[in-house]
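> Predicted structure and sequence below. I'll ask about it afterward.
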Amino acid sequence: MRFLYFLLILFAGITSSMGQNKQLLYNVNELPQSLLNNPGSTVNFDGHIGIPLFSKFHISVGSSGLNLYDIFDNSNPDVNKRVSSAIRRLTRNDYFTLHQQLEILSAGWRLNNGQYLSAGVYQEMDMFAYFPKDPALLVNEGNNAYINVPFDFSDVSFTGEILTVYHIGLNKKINDKLTVGVRGKLYSGIFNVESIHNKGLFTTRDDPNTPNFYRHFAENIDVRVNTSGYASLNNSGMTVQQSTADLLKRSFFGGNVGAGIDIGGTYSIRENFRVSASILDIGAVYQQHDIENYLYYGSYATDGIEPLFPDIDPNGNTIPYWDLFEDEVDRNLKDETVHENYTTWRPTKFNAAIEFGFEEMYDVCNYRRTYKRRNFNLIGLHLFGVRRPRTLNFALTAYYDRKFRNNFRAKIAYTVDDYSFTNVGLLVSKRFNKFNMFLAADNLFGYLNLAKSQNAALQFGLQFIFNKQ
Amino acid sequence: MSFFKLHKTQFLLVLFSLVLVSCVKGVDLNQREEIALTPDLQVSLLIFDVIGEDFSDPETGEFQAIIRDTVRLEFLDDSYIQDDLSTVEFSFKYTNSFTQPFRNKISFLSETNGVLHVVNFDILAGTKGQPVETNWVEFINNANIDVVKNSIKMVVELQALPNQDPFEGELKFESKGLFSFEF
């Protein structure tokens, strides 16, 4: 029950349906962080060093179908009616996300051959859960109103991970039209939880051919929750200091490891017309340390307990009906904890964009610059997708990017995704000599009252950016 | 010089302000204390099917008018029952093809066999070709719910009320509980 409260309260708060979408940073080629969205983006600087721990911070929390106001509207005192209404309204494909990234180290420099090498370390947390519709209905309403209606445990599907990512990328301008890039990543897992591909039905039927009012069926139950990095923290009795030391150790490949790759490219069809695309986090983590897997499986049907009259067996002993019933349930519905390694695939993302520039800029001619922005104004369309356990989730963004002068740039974006049609975001990037800062926020209208917000995400960063003059 | 060029600092401030001065309006988070889940669970309890032979003494084989059996319902001691059970509606159904009526007595007992609640009713006689149903609903309201919370055993006692007819037939018993919770 408390878990359900937790889900409702936590995720009803601030909502964003695309936690991993960083549409405001995509194609902002004056920012080094753009390379994390597309290693093949055009790079118009020659070096960068991020302020450690401050070069990029991103957080977004959300739900596709619920906000704080839906539950805690103060003009209507019947909160339980609204909770029930929300549970009925949400579908099994509604989802909750919590995504956070903290760049720890970031640096890059242009090699003598003109290629741009960038590397860094960032910590990432990504939590994703589909709304467990049928189990939530069962917990909230019970089976009384759902006789002959199955509760489907495949509705339970969630993933969560905290990891540190070490990466190095190379960006190469092939010719005046094409720039490509690749980034290799090593993942150091800190924590993982995964419960996908569950199945099973629980049904209460009033079949007249059965001997009682109802027969309860648990059919083909197969629920599995994999965890890594959880058991030791949960069971060890470690102090906070010991736990912190353990987490730090895991950050430096002391736990579970994996590898992945980002690829991307940009192609200029004309000087002021570009297309770009990238695929990020094609990779997996092999979970082999501190593993615990929780399994619930089996099938069982019961009409109730059947006393035999008399209540003593031939030896004169009382028949322990309840114990026999429990034993039979345990034989048929297994509850096990095992320690089996497993592999988790990263939530692979892809981006694709077209961009058109107008109002030509007349910059000082500098042939050393690999790429030079040629237009004050850029408009574009950006399609984002992320692989989730059941589907690919998409978001489409239209944006206008304006460079006001050499040291100031702003980008305004309108994003449509599965559930939000009012997401207007803004990025501003300001450079003070070699020091650059950016701030980006999604769904600006939502900040006027976060309780009714369907989207909110925030990111900012501080870094030094160098150009050879 | 454009408007934005002139006001870029203000532009930045507006964005910062929106983020930092964002607010949550029109909600009362204290309502979280009132959130309660109230499932109504239909749970099958006991079933049995007795015939004339079940009323014979297992040792002597002689007819005995009263038979009984006891079933422990351990789940009544679980924390979700003890803490959150609000009401229970028991439903009992007999289907009788004996030509004799019966007297039913269902008792809820504590661990020390203290009688906490008793359900008495008569079971109508039927015929072999036309069994007769007797239904009984026993509602335990919230004021009396402790009789269920403190129970751990359910005793079913059947008393046959013989008549001139041969003691032959089948007596089927069905039972369920509608357990209403407030978590």
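Noted; the coordinates are in hand.
> can you count the residues close to residue 156?
No chain specified, so I'll use chain A. As a burial measure, A:Val156 scores 23 neighbours (other C-beta atoms under 10 Å in any protein chain shown). Bear in mind the C-beta positions are built from the backbone N, C-alpha and C, glycine included.
> that answer is for a different chain, and I need it for chain B
22.
> And it, how close does it get to chain A?
Separation of B:Val156 from chain A (C-beta to the nearest C-beta, to the nearest Å): 7 Å.
> neighbours around whatever residue of chain B ends up closest to chain A, how many?
Proximity to chain A, evaluated over chain B using C-beta to the nearest C-beta, is greatest for B:Pro39 at 3.2 Å. Applying other C-beta under 10 Å, we find 20 residues neighbouring B:Pro39.
> end to end, how far does stretch B:79-88 reach?
End-to-end distance for stretch B:79-88: 16 Å, by C-alpha to C-alpha, to the nearest Å.
> And it, what's buried?
Across stretch B:79-88, burial judged by 16 or more other C-beta atoms under 10 Å in any protein chain shown covers B:Ile81, B:Asp84, B:Leu85, B:Ser86, B:Thr87, B:Val88.
> repeat for stretch A:217-231
For stretch A:217-231, a neighbour-count test (16+ other C-beta under 10 Å) marks A:Phe217, A:Ala218, A:Ile221, A:Val223, A:Arg224, A:Val225, A:Asn226, A:Thr227, A:Ser228, A:Gly229, A:Tyr230 as buried.
> Provide a list of residues in contact with the last one.
If you count contacts by C-beta atoms under 8 Å, 6 or more residues apart in numbering or on different chains, A:Tyr230 has them with A:Phe191, A:Val193, A:Asp290, A:Glu292.
> cool, A:Asp46 as well?
A:Trp109, A:Arg110, A:Tyr116, A:Phe466, A:Asn467, A:Lys468.
> Those residues of the stretch 251-400 of chain A touching chain B, which are they?
Within the stretch 251-400 of chain A, the residues that sit near chain B (C-beta under 8 Å from any C-beta of the partner chain) are A:302-311, A:318, A:320-322, A:326.
> Identify, from these, the entry nearest to B:Arg103.
Taking C-beta to C-beta as the measure, B:Arg103 lies nearest A:Phe309 of these, at 15.4 Å.
> for that closest one, helix, strand, or coil?
Classification of A:Phe309 using DSSP: H, G, I helix; E, B strand; the rest coil returns coil.
> any idea how far A:Thr204 is from B:Asp40?
Distance, B:Asp40 to A:Thr204, using C-beta to C-beta, to the nearest Å: 12 Å.
> on that earlier part again, which one of the buried residues of stretch B:79-88 is nearest to A:Lys434?
Proximity of these to A:Lys434 was ranked by C-beta to C-beta; the top entry is B:Asp84 with 62.8 Å.
> quick one, strands of the stretch 101-250 of chain A?
In the stretch 101-250 of chain A, the strands defined using DSSP state E, counting those that start in this stretch lie at A:116-130, A:151-152, A:158-173, A:178-195, A:199-205, A:215-228.
> Export those strands as TSV, with columns for mean pLDDT and distance to chain B.
Shown next, in TSV, are these (pLDDT from 0 to 100; distance: least, C-beta to the nearest C-beta, whole Å):
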stretch	mean pLDDT	distance to chain B
strand A:116-130	95	18
strand A:151-152	96	12
strand A:158-173	96	20
strand A:178-195	96	22
strand A:199-205	96	6
strand A:215-228	96	6
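> who wins for proximity to A:Asp262 among those?
Judging the strands of the stretch 101-250 of chain A by C-beta to C-beta, what sits closest to A:Asp262 is strand A:178-195, at 4.0 Å.
> mind putting the buried residues of stretch B:79-88 in TSV, secondary structure and distance to A:Ala129 included?
Converted to TSV, the buried residues of stretch B:79-88 look like this (DSSP: H, G, I helix; E, B strand; the rest coil; distance: C-beta to C-beta, whole Å):
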residue	secondary structure	distance to A:Ala129
B:Ile81	helix	29
B:Asp84	helix	25
B:Leu85	strand	30
B:Ser86	strand	30
B:Thr87	strand	33
B:Val88	strand	34
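> All the strands of chain B, in order from the start?
B:40-51, B:66-72, B:85-96, B:102-109, B:115-123, B:132-140, B:153-160, B:170-181 (DSSP state E).
> what would the ones you listed look like in JSON lines with mean pLDDT?
Converted to JSON lines, the strands of chain B look like this (pLDDT from 0 to 100):
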{"stretch": "strand B:40-51", "mean pLDDT": "94"}
{"stretch": "strand B:66-72", "mean pLDDT": "89"}
{"stretch": "strand B:85-96", "mean pLDDT": "95"}
{"stretch": "strand B:102-109", "mean pLDDT": "94"}
{"stretch": "strand B:115-123", "mean pLDDT": "95"}
{"stretch": "strand B:132-140", "mean pLDDT": "96"}
{"stretch": "strand B:153-160", "mean pLDDT": "92"}
{"stretch": "strand B:170-181", "mean pLDDT": "95"}
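> re the thing from before, out of the residues of the stretch 251-400 of chain A next to chain B, which are buried?
The neighbour count (16+ other C-beta under 10 Å) marks A:Thr302, A:Asp303, A:Gly304, A:Ile305, A:Glu306, A:Pro307, A:Phe309, A:Pro310, A:Asp311, A:Tyr321, A:Trp322 as buried among those.
> Tell me, what's the model's pLDDT at B:Val21?
At B:Val21, the pLDDT value in this model is 56.
> still on that earlier bit, same list (the contacts of A:Asp46) but as CSV, adding neighbour count.
Below are the contacts of A:Asp46 laid out as CSV (neighbours: other C-beta atoms under 10 Å in any protein chain shown):
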residue, neighbour count
A:Trp109, 14
A:Arg110, 20
A:Tyr116, 28
A:Phe466, 14
A:Asn467, 13
A:Lys468, 10
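> out of those, which one sits closest to chain B?
Nearest to chain B, judged by C-beta to the nearest C-beta, of the contacts of A:Asp46 is A:Asn467 at 20.6 Å.
> close enough to count as contact, the closest one and A:Phe45?
Yes: here A:Asn467 lies in contact with A:Phe45, judged by C-beta atoms under 8 Å, at a distance of 5.4 Å.
> Now do A:Asn76: how many residues are near it, please.
11.
> Nearest residue to it in space, ignoring adjacent ones along the chain?
A:Arg82 (6.8 Å; C-beta to C-beta, 6 or more residues apart in numbering or on different chains).
> List the contacts of the one you found.
A:Asp70, A:Ile71, A:Asp73, A:Asn76.
> That one and A:Asp417, how far apart?
Counting by C-beta to C-beta, the gap from A:Arg82 to A:Asp417 is 25 Å.
> Report pLDDT for the closest residue to chain B within the stretch 1-150 of chain A.
Taking C-beta to the nearest C-beta as the measure, the stretch 1-150 of chain A has A:Gly142 as its residue closest to chain B, at 3.2 Å. A:Gly142 carries a pLDDT value of 95.
> Enumerate every residue touching the residue nearest to it when sequence neighbours are not counted.
Spatial nearest neighbour of A:Gly142, excluding adjacent residues (C-beta to C-beta, 6+ apart): B:Pro39 at 3.2 Å. B:Pro39 is in contact with A:Leu138, A:Val139, A:Asn140, A:Glu141, A:Gly142, A:Asn144, B:Ser180, B:Phe181, B:Phe183, counting by C-beta under 8 Å, 6+ apart.
> Within its local environment, how many residues does the residue nearest to the first one when sequence neighbours are not counted see?
The spatially closest residue to A:Leu138, leaving aside those adjacent along the chain, is A:Phe151, at 4.9 Å (C-beta to C-beta, 6+ apart). Applying other C-beta under 10 Å, we find 21 residues neighbouring A:Phe151.
> Over to A:Gly108?
24.
> before we move on, what about B:Phe173?
Other residues close to B:Phe173 by other C-beta under 10 Å number 25.
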